[in-house]
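J.: Have a look at this prediction, sequence included:
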Amino acid sequence: MRVLLVDERVEQRTALAEDLVKQGMEVSTAQDVRGARDAVIEQAPDIVVLDVDLEDLGGFGLLSSIVNDSDVPVIVLTERGEEPLRLLGFELGADDYVVKPCSSLELASRMRTVLRRIDGRRRPPGAVVSGDLVLDVEARAAQRGGEPIALTAKEFDLLAYLIAHQGQVLDRQRILRDVWRSTPDWQDPSTVTEHVRRLRHHVEADPARPTRILTVRGKGYRWTG
């Protein structure tokens, strides 16, 4: 999850960012309106955590700007929990409103809840989902982290097959039979090896150190999600 944290107070911003990183999130920060607007465009975060307690209520103006100019969900973070301000936040398009103090665990839980809700609205009927990957089987289209990934027809078939058999060790002969409708007598199993190599470049953070398509030495491949 890529998080943009907006807070003008350095110590609070740094402490919260460190806590979220410890929970496995990618966190970038901004301290003012201009920096936040640039970061939304340049970094394409999955979600924005916006402390609206900026000078002259500038945080609410920034909230309105983000909501109007992008589809990035926003969680408002503030020390002020008065009902008129909460209503203002929701009317401007906030996806959640969190009053400080709150733990980073609670905030992370709220972020995941918001993203599940958003993904549910975006997800096509009958979609296959594994982590940040969404496969639209009917359209034969794939997304990773909300961004389309360009797969060949056979790469798409292989990815869908691996996901459908998550956790299972699949040898190259079986994959060749089920995905290519072929056998080693007609087609070299190295075809599978090459397609796995190419597919890793689409779905792995570091293709040289895969964490999703694992090689089980002497056995085959296993999809871990």
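T.: Received, thanks. Note that this is a predicted model, so its numbers are computed, not measured.

J.: all helices for this protein, in order.
T.: Under the criterion DSSP state H, helices of the chain are mapped to 10-22, 33-43, 58-69, 83-91, 104-122, 153-164, 172-179, 190-203.

J.: Residue 4: which of those helices is closest?
T.: Residue 4 lies closest to helix 33-43 among the helices of the chain, at 5.3 Å (C-beta to C-beta). Every residue, glycine included, has its C-beta placed from N, CA and C.

J.: Output the helices of the chain as a markdown table; include the columns mean neighbour count.
T.: As requested, the helices of the chain are arranged in a markdown table below (neighbours: other C-beta atoms under 10 Å):
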| stretch | mean neighbour count |
| --- | --- |
| helix 10-22 | 15 |
| helix 33-43 | 15 |
| helix 58-69 | 17 |
| helix 83-91 | 14 |
| helix 104-122 | 15 |
| helix 153-164 | 18 |
| helix 172-179 | 17 |
| helix 190-203 | 17 |
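
J.: Mean pLDDT and distance to residue 142 added to those helices, as TSV?
T.: Output for the helices of the chain, formatted as TSV (pLDDT from 0 to 100; distance: least, C-beta to C-beta, whole Å):
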stretch	mean pLDDT	distance to residue 142
helix 10-22	88	28
helix 33-43	86	22
helix 58-69	84	26
helix 83-91	83	34
helix 104-122	80	14
helix 153-164	93	6
helix 172-179	92	15
helix 190-203	94	8
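
J.: For the closest residue to residue 143 other than its chain neighbours, report the pLDDT, please.
T.: Sequence neighbours aside, residue 134 is the residue nearest to residue 143 in space, at 4.7 Å (criterion: C-beta to C-beta, 6 or more residues apart in numbering). Each residue has a pLDDT score; the one for residue 134 is 88.

J.: and if you look at the one 10 residues further on?
T.: What the model reports as pLDDT for residue 144 is 90.

J.: Please give me every residue in contact with it.
T.: If you count contacts by C-beta atoms under 8 Å, 6 or more residues apart in numbering, residue 144 has them with 132-133, 202-203.

J.: how about those, which pair is most distant?
T.: Going by C-beta to C-beta, the pair spanning the contacts of residue 144 furthest: 132 and 202, at 12.1 Å.
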